[in-house]
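1. next come a sequence and a model predicted from it.
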Amino acid sequence: MSKKPFYITTPIYYPSGNPHIGHCYTTLACDLVARYKRMQGFDVMFLTGTDEHGQKIEKKAEEAGVTPQKYVDDIVEIFKKLWERIGITYDRFIRTTDDYHVESVQKIFKELYDKGFIYKSEYVGKYCTPCEAFWTESQLVNGKCPDCNREVADAREEAYFFKLSAFSEKLEKLLTENADFLQPASRVNEMINNFIKPGLEDLCVSRTSFKWGVPVEFDDKHVVYVWIDALSNYITALGYKNSRYDDYSEYWPADVHMMAKEIVRFHSIIWPAMLMALDLPLPKKVYGHGWITFNGAKMGKSTGNVIDPFILADRYGVDALRYHLLREMPFGSDCAFSNETMINRLNSDLANDLGNLVSRTVAMVIKYFDGTLISERVESEADKELLNMAAALKDVVEENYDSFHFSVALSEIFKVISRANKYIDENAPWVLAKDESKKARLATVLYNLLEVIRVTTILLSPVLFTTTPKIWEQIGATNDDVIWGKSGELNVLRKNVTVKKGEVLFPRIDIDKEIEELNAVLDGKSNAPKIELEPEITIDDFMKCELRVGLVKSCEPVKRSEKLLKFQIDDGMGGRQILSGIAKYYKPEDLIGKKITFVANLKPAKLCGEISQGMILSAEMEDGSAKLIFPDESVPVGSKIR
Ligand code: ME8
């Protein structure tokens, strides 16, 4: 049976500054849904990308003294790095400067023109450059941009217009009669009262006063208005009017376009009107979530109050960052970001509730059963409440994930986790353990706890994607035990399951100390301990050290040593043997076939009876462990590093 398609999109972001927590929120929300839908068995298409044209970018590039293309290329790389860092599993990344997109936008514009929905006239009005939005006098609020409250400029020029006014009735019908289309429902009234009721005016859809945009194919002194260009991405990325992709018919109409509230107007009025004019189906849902605010205002590049997500991911881990944002933002409303709330939440939910539940349970199975439960069971009324809650959880979570109430879904999961911690105290396994005749009852209590951990972590896995597999390893769950469908069942783990002690999942954070350090880092005035450097060397000193790229042909432990691994390296010069003290941190078989970096002209030395001809480079971690420095895979073996 073929899988049912599910198409979800983030807005395509302006690469006019580095991404921040606000961008992360929408992208994480979509990632949660994409992972969850994949686990449910859907054929997911998750699209994100960047919206690279327009006057704002042109200006920024000019200020930076680079071409607009160079300017966006650099920032797009940062967006992509961030998405990789925080585990965003997008299936496609569109850039509006991609050739295929430009080609499609030109064709879309031409089709709208040929059909009579676009006509040439003169634009007289106001323009807000930061928002790339045209406004009429009547739409301004106190003479300023109604979206961002900034000054607008007079604008008058020959321009093409899109007949938005022709779609008023149809749009009103769409918004009022199709309750699924725009959510949360409060946004519907906003759209009707603020935009449709006052009368939709035709929309200016071309500009001649700057160049950085998609040229109108049949009149190339005009560039296409950036929103017509940008909104089209949702179909051009599927191959609409281009030959780069051909899955438009599979995925369109989109299941949901996700965004924050300030751009709902574009998605629930202009975009459906464009699609109506093109005779295409409308997206099934437009969802406008609230803003993440910081110091009382929308967190944003232009307000400068941004928090760097790389820093948070590095300090607390990706899962903690993902969890915090998705747990904290209430359905449809704004959410004030605060470092204190974040750290408190990590301590209370992740370290205390989930982390403790897993570590206590696993530790007790090890302590009382040597790690492997016995199969005998003695059930009790005292198990019912917890087990009923766990059995009912999948439906509750699915309903809330499907309706984008992420914070409700997560809070429901943590209610069960808290209940499980209480269940430990109620059943006092340490008391049961003292009485040999209560062994089966003890096994039942611990098994129930393992089952609750299994169920809750499956449901959490679209958020905590790095930690949940570690938990599954600790509780002895097989891959099959943790498929989505099994989160609705109990008694899935083997009765005589074997657990494994693992690392601390979420270390508790000392809030006062951490806040002070974090604020200093975020302010760019890090008060982290200064690193003592070795005495300075000259470039000539450095040049004496020959660093090269090698390929691991074989790797095995050194017999007389717990620390050393023995590598045979293809060094591009006939091969050599190098010993490295990383046996505690790597399995030899995981390193074979990997490219590494090494010091090639180090004097050979004998260690534990084996010769070592060089040194493999690794980074020293704070806890004293080591991480190898892997070069980019495209770098040829033997290349010199400097
Ligand atoms: O609007 N809180 O791009 P953009 C929550 N290119 N979400 C936030 C946020 C915050 N403080 N700040 C940003 C554009 N976002 C257009 C979109 S789509 C065809 C074109 C998120 O870079 C949120 O999703 O200004 C918001 O809608 C989006 O970033 C705006 O990103």
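-> Happy to help now that I have it. Numbers count the residues shown, from 1 in each chain.
2. can we go C-alpha only for contacts and neighbour counts from here?
-> Will do.
3. got the residues of the stretch 151-300 of the chain near the ligand?
-> Within reach of the ligand by CA under 6 Å from any ligand atom, the stretch 151-300 of the chain has these residues: 230-231, 259-260, 263, 291-293, 298-300.
4. quick one: distance of stretch 399-418 to the chain centre.
-> Relative to the mean C-alpha coordinate of its chain, stretch 399-418 is positioned 18 Å out (CA atoms, centre = their mean, to the nearest Å).
5. which outside residues touch it?
-> Here stretch 399-418 makes contact (CA atoms under 8 Å, 6 or more residues apart in numbering) with 29, 33, 326-331, 349, 353-354, 357, 386, 389-390, 393, 396-398, 452-453, 456, 459-460.
6. just the buried residues of these.
-> 29, 33, 326-331, 349, 353-354, 357, 386, 389-390, 393, 397-398, 452-453, 456, 459-460 (16 or more other CA atoms under 10 Å).
7. in helices, which of these appear?
-> 29, 33, 326-328, 357, 386, 389-390, 393, 397-398, 452-453, 456, 459-460 (DSSP state H).
8. my guess is Leu171 contacts Ala273, does it?
-> Yes - Leu171 is in contact with Ala273 according to CA atoms under 8 Å; the separation is 7.3 Å.
9. can you give me how far stretch 34-47 is from the chain middle?
-> Stretch 34-47 sits 14 Å away from the centroid of its parent chain (CA atoms, centre = their mean).
10. apologies, that question was intended for stretch 489-496.
-> The chain centroid and the centroid of stretch 489-496 are separated by 32 Å under CA atoms, centre = their mean.
11. pull out the buried positions in it.
-> Buried residues in stretch 489-496 (16+ other CA under 10 Å): 489-490, 492-493, 495.
12. so what's the residue count around the closest residue to Ile611 other than its chain neighbours?
-> Using CA to CA, 6 or more residues apart in numbering and skipping the chain neighbours, the partner closest in space to Ile611 is Ala605 (5.8 Å). Using other CA atoms under 10 Å, Ala605 has 13 other residues around it.
13. got the contact list for Ala605?
-> Ala605 touches 611-613, counting by CA under 8 Å, 6+ apart.
14. what's the distance between it and the ligand?
-> To the ligand, Ala605 is 55 Å away according to CA to the nearest ligand atom, to the nearest Å.
15. for that residue, which residues make a bridge with it?
-> For Ala605, the beta-bridge partners under DSSP bridges are Ser612.
16. for Leu547, see how far away it is.
-> Separation of Ala605 from Leu547 (CA to CA, to the nearest Å) stands at 17 Å.
17. go on, Phe266?
-> According to CA to CA, Phe266 and Leu547 sit 54 Å apart.
18. cool, Glu132 as well?
-> From Glu132 across to Leu547, the span is 50 Å (CA to CA).
19. so which residues make contact with the worst-scoring helix or strand of the chain on mean pLDDT?
-> Using mean pLDDT, DSSP states H and E, strand 133-135 stands out as the lowest-scoring helix or strand of the chain, at a mean of 76. Outside strand 133-135, the residues within contact range by CA under 8 Å, 6+ apart are 125-128, 145, 204.
20. tell me the one among these nearest to the ligand.
-> Distance to the ligand across the contacts of strand 133-135 (CA to the nearest ligand atom) is lowest for Cys128, with 13.3 Å.
21. beta partners for the closest one?
-> Bridge pairing for Cys128 (DSSP bridges) gives the partners Ala133.
22. ok, Val552 next?
-> Taking DSSP bridges as the rule, Val552 bridges to Ile569.
23. switch to numbering from 23
-> Renumbered: residue one is now 23, and that last one reads Val574.
24. residues contacting it?
-> By CA under 8 Å, 6+ apart, the residues touching Val574 are 589-592, 613-618.
25. make it 10 Å
-> Taking CA atoms under 10 Å, 6 or more residues apart in numbering, we find Val574 in contact with 589-593, 597, 599, 610, 613-618.
26. of those - the most surrounded one?
-> Neighbour counts for those (other CA under 10 Å) peak at Ile591, which has 26 neighbours.
27. what ranges of this protein fall below the confidence cut-off?
-> Residue ranges of the chain with pLDDT under 70: 23, 323-327, 547-554.
28. three-state assignment of the most far-flung residue of it relative to its centre?
-> Distance to the chain centre peaks in the chain at Ser459, reaching 50.2 Å (criterion: CA atoms, centre = their mean). Assigned by DSSP: H, G, I helix; E, B strand; the rest coil, the conformation of Ser459 is helix.
29. how close does it get to Tyr390?
-> 13 Å.
30. the stretch 323-472 of the chain: strands as residue ranges?
-> 357-358 (DSSP state E, counting those that start in this stretch).
31. can you show me the helices along the stretch 423-572 of the chain?
-> 428-449, 451-454, 461-482, 489-496, 533-544, 561-565 (DSSP state H, counting those that start in this stretch).
32. so which of those helices comes closest to Val210?
-> helix 428-449 (21.0 Å; CA to CA).
33. which residues of the stretch 523-664 of the chain fall in strands?
-> All strands of the stretch 523-664 of the chain, identified by DSSP E, counting those that start in this stretch, fall at 569-579, 587-592, 598-602, 617-621, 627-629, 632-634, 637-638, 640-642, 648-650, 662-663.
34. for the protein, which residues are neighbours of the ligand?
-> 33-36, 44-45, 47-48, 73, 252-253, 281-282, 285, 313-315, 320-322.
35. now a PyMOL select for only the buried ones of those residues.
-> Buried subset of these, written as a PyMOL selection, criterion 16+ other CA under 10 Å:
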select buried, resi 33+34+35+36+44+45+47+48+73+252+253+281+282+313+314+315+320+321+322
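36. of the residues of the chain next to the ligand, which belong to helices?
-> Secondary structure from DSSP H places 44-45, 47-48, 252-253 of the residues of the chain next to the ligand in helices.
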